[in-house]
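# what shape does this take:
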Amino acid sequence: MAVKRELQKAFQPGRGYTREDWDAVDSPELTDEEMRQMRPFREVFPELAREIDKEIAARGRPTQKT
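Predicted structure coming up:
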């Protein structure tokens with residue numbers, strides 16, 4: 001089940017970063033052109049995606065607690 005997170009609109013202390021960190025970030029909204037140019041991670045980095053899949057598969061299923 002996916003968790004929907006709300007975007008933080010203003011600085012809130014005690015979240016692991018300083019006011020200076022918050023002010024230094026410049027993240028403008030993506031343009032329509034930038035959105036059209038986006039591609040899936042697996043398409044851009046297929047070898048890395050395969051390695052990640054192997055690593056996850058090697059861990060196996062978690063044990064169930066009863």
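
# now do the helices in the protein.
19-24, 32-37, 41-44, 46-59 (DSSP state H).

# mind checking the pLDDT average for the last one?
Mean pLDDT, helix 46-59: 92.

# by contact count, what packs against it?
Helices and strands touching helix 46-59, by 3 or more C-beta pairs under 8 Å, 6 or more residues apart in numbering; DSSP states H and E: there are none. Placement of C-beta: from N, CA and C, glycine included.

# and it, C-alpha only, in PDB?
The C-alpha trace of helix 46-59 is given here as PDB (Å, rounded to 0.1, in the frame of the first residue of the first chain):
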ATOM      1  CA  PRO A  46      19.100  -1.100 -16.700                       C
ATOM      2  CA  GLU A  47      22.200  -2.700 -15.300                       C
ATOM      3  CA  LEU A  48      21.900  -1.000 -12.000                       C
ATOM      4  CA  ALA A  49      18.200  -2.000 -11.800                       C
ATOM      5  CA  ARG A  50      19.200  -5.600 -12.400                       C
ATOM      6  CA  GLU A  51      21.800  -5.400  -9.700                       C
ATOM      7  CA  ILE A  52      19.300  -3.900  -7.200                       C
ATOM      8  CA  ASP A  53      16.800  -6.700  -8.100                       C
ATOM      9  CA  LYS A  54      19.500  -9.400  -7.400                       C
ATOM     10  CA  GLU A  55      20.400  -7.800  -4.100                       C
ATOM     11  CA  ILE A  56      16.800  -7.700  -3.000                       C
ATOM     12  CA  ALA A  57      16.200 -11.300  -4.100                       C
ATOM     13  CA  ALA A  58      19.200 -12.500  -2.300                       C
ATOM     14  CA  ARG A  59      17.800 -11.200   1.000                       C
END
